[in-house]
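> Provided below are the primary sequence and the corresponding predicted coordinates.
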Amino acid sequence: MTAEFLEPALGELSAADRALFQAYGAGPIRTPPFDHVHHAFEAHVARHPRLTAVEHLGESLTYAELDAKAGLLAEFLVRGGVRPGDHVGLFLTRSISMVVGVLAVLKAGASYVPLDVSTTPEAQLRHAVRVARIDVVLTTSADTLPGHLAAVVAIDTLPDVGSFCRTNTAESDIAAVVFTGTSGVRISHAGLCNLLLTAPGSLGVTPGTRVAQLLDIGCDLAMWEVLGTLANGGTLVLRGEDVRQTARAVDVLIATPSVVATVDPETCPRVHTVAVAGERCPQSLADRWSRRATFHNASGPTEVTIVNTVQRYEAGRGQLTIGRPVPNTTVYVLDDAQEPLPPGEIGEMWVGGAGVTAGYVGDPELTARRYRPDPFLGGGRLMFRTRDLGRWTADGQLEHHGRAGDQVEVLGYRFELDTVTAALERAADCEQATTLVHDGRLVGFISPRTAAPELAKLAVSQRLPHYCVPTLIVPVDALPTTGRGRVDRRALLSCLDGRSPALRG
């Protein structure tokens with residue numbers, strides 16, 4: 001069963017295309033068991049209090065211990081003046097205190113604003129405080145914050161109180177504000193529960209399932225790791241310096257393709273589920289992991305609550321796509337006039353339903369531009385403009401075709417860089433690639449360093465016009481990544497300018 005689209009919004013589509021537009025574009029209807037994500041965590045506290053909830057570098061807390069520490073901190077925040085709907089900064093580095101802080105803010109009825117102080121510049125911290133109107137920042141005694149930022153509370157220095165009375169507080173609809181660049185996206189509890197507590201977003205996590213926490217806390221995918229684990233009763237394993245060591249000790253990995261590419265599936269025999277999102281996934285990476293584990297390729301911007309489409313990919317059984325809408329969400333492929341396109345035609349993807357977030361904090365003008373009334377669902381609901389291009393395949397899978405307006409022009413021809421990257425990755429010895437324009441010429445980067453540039457160039461020339469063939473192809477050991485796990489294009493441009501010799505092929 002799926003949502004019914006309103007007939008007037010289907011425009012000039014034929015009867016057959018209307019049926020497919022509806023069948024492909026609407027996810028199944030499911031009812032999440034909770035409407036606030038920390039309530040799901042608290043249910044597992046009651047069911048198995050002694051189960052390990054979180055581990056980090058030899059330390060651990062059970063569900064009961066984590067709940068008690070988070071409850072104490074929540075009470076400290078409430079008595080300190082934090083009110084339902086307030087925004088509380090969570091500015092620290094990866095630690096068990098980080099997890100305590102997330103839950104404490106939610107229990108206090110507030111929304112947390114996560115930023116990793118080891119990767120976030122001071123100017124960005126101050127920008128977040130100003131835009132989100134943050135009065136209180138949670139951190140740890142091991143982290144250093146700029147002066148005169150806000151009232152600062154070091155989570156790990158609070159006294160260990162055995163018993164205390166909790167102040168009753170109202171619940172907030174908004175769980176977190178996640179910054180993407182300069183804009184803070186308001187993510188709701190309902191949207192999180194919709195993704196994390198229904199399949200496929202729940203990823204089969206059950207009590208005792210060990211899930212890695214690999215990503216920067218400021219990344220929306222980190223919410224999938226942290227809250228997705230604790231809301232389903234799993235054990236969250238925070239990584240140390242070595243991503244691969246953590247991966248060997250868990251059952252589930254959630255990360256960007258660039259991070260997962262650093263891990264050899266042959267060394268991770270207990271990993272049974274992998275989910276990637278945040279950037280395009282190389283075919284070779286999906287093939288390699290899907291032979292050993294259930295592999296989910298997901299897609300979606302932060303504004304639609306982490307991801308909104310997921311494909312369970314199996315090597316040798318069809319093409320790699322970004323899948324279908326998750327439960328209670330919709331995807332519309334529209335033309336420039338926001339009219340529906342029939343399956344098979346490329347258009348811009350708009351997203352509706354339960355995953356659509358509550359807009360940008362402090363920026364009603366940008367919210368009004370990107371969030372529009374949803375004519376397909378009606379009822380005052382909104383849809384979000386992703387700026388991604390997509391196309392439905394004949395069997396109802398969604399193909400990603402790059403970013404709208406992100407075309408480049410080389411030799412007088414316009415095309416999408418992702419098209420070239422996908423062709424580079426078809427070379428037999430290329431595991432991952434990316435493409436840039438530098439000084440007016442097309443440059444491809446391929447990894448590993450042993451990959452042959454001539455084979456990569458041949459792979460492109462066999463599939464794309466001559467103007468899409470890079471004039472330079474640079475093999476590197478691995479593509480550099482940002483703190484949030486995506487390919488670091490700035491570092492690659494520095495390599496071309498001669499400023500980063502370590503990356504040169």
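Looks like it arrived, so ask away. Numbering: from 1, shown residues only.

> what domains does the record give for this structure?
Using automatic domain parsing, the domain ranges for the chain come out as 37-51+62-199, 408-503.

> Adding distance to Arg210, mean pLDDT and mean neighbour count as columns, could you present those domains in TSV?
All C-beta spots, glycine's among them, are computed from the backbone N, C-alpha and C. Shown next, in TSV, are the domains of the chain (distance: least, C-beta to C-beta, whole Å; pLDDT from 0 to 100; neighbours: other C-beta atoms under 10 Å):
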stretch	distance to Arg210	mean pLDDT	mean neighbour count
domain 37-51+62-199	11	96	19
domain 408-503	20	85	18
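
> among those, which is nearest Tyr24?
Shortest distance between Tyr24 and those, using C-beta to C-beta, is found for domain 37-51+62-199: 18.8 Å.

> so what's the backbone phi/psi at the spatially most central residue of the chain?
Closest to where the C-alpha atoms of the chain average out (C-alpha atoms, centre = their mean) is Leu221, at 3.3 Å. Backbone torsions for Leu221, taken as degrees, to the nearest 10, come to phi -60, psi -20.

> Show the contacting residues for it.
Taking C-beta atoms under 8 Å, 6 or more residues apart in numbering, we find Leu221 in contact with 215, 254-256, 277-278, 306, 485.

> Out of those residues, which two sit at the greatest distance?
Distance extremes for those: the farthest pair is Ile306 and Gly485 at 13.5 Å, using C-beta to C-beta.

> thinking again about what came up before, and the residue nearest to the centre of the chain, how far is that from Glu266?
Applying C-beta to C-beta, to the nearest Å, the value for Leu221 to Glu266 is 24 Å.

> what about the longest strand in this structure?
Identified as the longest strand of the chain according to DSSP state E is strand 382-392.

> and that one, what does it pack onto?
If contacts are counted by 3 or more C-beta pairs under 8 Å, 6 or more residues apart in numbering; DSSP states H and E, strand 382-392 sits against strand 329-334, strand 347-353, helix 364-370, strand 371-373, strand 398-403.

> So which residues of the stretch 401-505 of the chain form helices?
Per DSSP state H, counting those that start in this stretch, the stretch 401-505 of the chain carries helices over the ranges 417-424, 453-461, 489-496.

> would CSV of those with distance to Pro343 be doable?
As requested, the helices of the stretch 401-505 of the chain are exported to CSV (distance: least, C-beta to C-beta, whole Å):
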stretch, distance to Pro343
helix 417-424, 20
helix 453-461, 28
helix 489-496, 33
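
> Of all those, which one comes closest to Ser97?
Closest to Ser97 of those is helix 489-496 (C-beta to C-beta; 30.4 Å).

> What helices and strands are in contact with the closest one?
Applying 3+ C-beta pairs under 8 Å, 6+ apart, we find helix 489-496 packed against strand 432-438.

> which neighbours does the strand it packs on have in its sheet, and in what orientation?
The strands beside strand 432-438 in its sheet (DSSP bridges) come out as strand 441-447 (antiparallel).

> how about the strand it pairs with as PDB, C-alpha atoms only?
Output of strand 441-447 as PDB, limited to C-alpha atoms (Å, rounded to 0.1, in the frame of the first residue of the first chain):
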ATOM      1  CA  ARG A 441      41.100  20.900 -19.100                       C
ATOM      2  CA  LEU A 442      39.400  17.700 -17.900                       C
ATOM      3  CA  VAL A 443      41.400  15.800 -15.400                       C
ATOM      4  CA  GLY A 444      40.600  12.300 -14.000                       C
ATOM      5  CA  PHE A 445      41.900  10.800 -10.800                       C
ATOM      6  CA  ILE A 446      41.900   7.000 -10.400                       C
ATOM      7  CA  SER A 447      42.900   4.600  -7.600                       C
END
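
> Low-confidence stretches in the stretch 301-450 of the chain?
Scanning the stretch 301-450 of the chain for pLDDT under 70 picks out 405-407, 411-414.

> how distant is stretch 170-185 from the center of its chain?
14 Å (C-alpha atoms, centre = their mean, to the nearest Å).

> Same check on stretch 3-21?
Remark: stretch 3-21 is offset 30 Å from the chain centroid, using C-alpha atoms, centre = their mean.

> Give me the buried positions along it.
Applying a neighbour-count criterion of 16 or more other C-beta atoms under 10 Å, one finds 3, 5, 9-11, 13, 17-18, 20-21 buried in stretch 3-21.

> Give me the next element, helix or strand, following the longest helix anywhere in the chain.
Longest helix of the chain, by residue count under DSSP state H: helix 63-79. Downstream of helix 63-79, the first helix or strand assigned by DSSP states H and E is strand 87-92.

> Thr421 is in contact with Ala459, correct?
No: Ala459 lies out of contact with Thr421 (C-beta atoms under 8 Å); the separation is 11.1 Å.

> Distance from stretch 479-497 to the middle of the chain?
That offset, for stretch 479-497, works out to 19 Å (C-alpha atoms, centre = their mean).

> Need the CA coordinates for it. CSV is fine.
Coordinates of each C-alpha in stretch 479-497 appear next as CSV, following Å, rounded to 0.1, in the frame of the first residue of the first chain:
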residue,chain,number,x,y,z
LEU,A,479,41.3,9.5,-3.2
PRO,A,480,41.7,12.0,-0.3
THR,A,481,38.5,12.6,1.8
THR,A,482,37.2,15.5,3.8
GLY,A,483,36.4,15.2,7.5
ARG,A,484,32.9,14.1,6.5
GLY,A,485,34.1,11.2,4.4
ARG,A,486,33.5,12.7,0.9
VAL,A,487,36.1,13.0,-1.9
ASP,A,488,38.3,16.1,-1.2
ARG,A,489,38.4,17.9,-4.5
ARG,A,490,40.3,20.8,-3.0
ALA,A,491,43.1,18.5,-2.1
LEU,A,492,43.2,17.1,-5.6
LEU,A,493,43.3,20.6,-7.1
SER,A,494,46.2,21.3,-4.8
CYS,A,495,47.9,18.2,-6.1
LEU,A,496,47.6,19.6,-9.7
ASP,A,497,49.0,22.9,-8.6
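
> Can you check which of the helices and strands packed on strand 382-392 gets nearest to Val113?
Closest to Val113 of the helices and strands packed on strand 382-392, according to C-beta to C-beta: helix 364-370, at 17.3 Å.

> what packs against that closest one?
Contact analysis of helix 364-370 by 3+ C-beta pairs under 8 Å, 6+ apart lists strand 382-392 as its packing neighbours.

> how far off strand 398-403 does the strand it packs on point, in degrees?
100 degrees (axes from the mean of the first three to the mean of the last three C-alpha atoms, to 10 degrees).

> How about strand 382-392, which residues are buried there?
Going by neighbour count (16+ other C-beta under 10 Å), the buried part of strand 382-392 is 382-386, 388-392.

> Reformat those residues as a markdown table; add distance to Asp116.
What follows is the buried residues of strand 382-392, written out as a markdown table (distance: C-beta to C-beta, whole Å):
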| residue | distance to Asp116 |
| --- | --- |
| Leu382 | 30 |
| Met383 | 31 |
| Phe384 | 26 |
| Arg385 | 28 |
| Thr386 | 25 |
| Asp388 | 26 |
| Leu389 | 31 |
| Gly390 | 31 |
| Arg391 | 36 |
| Trp392 | 37 |
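
> Can you tell me which of these is nearest Gly352?
Closest approach between the buried residues of strand 382-392 and Gly352, by C-beta to C-beta: Met383, at 4.0 Å.
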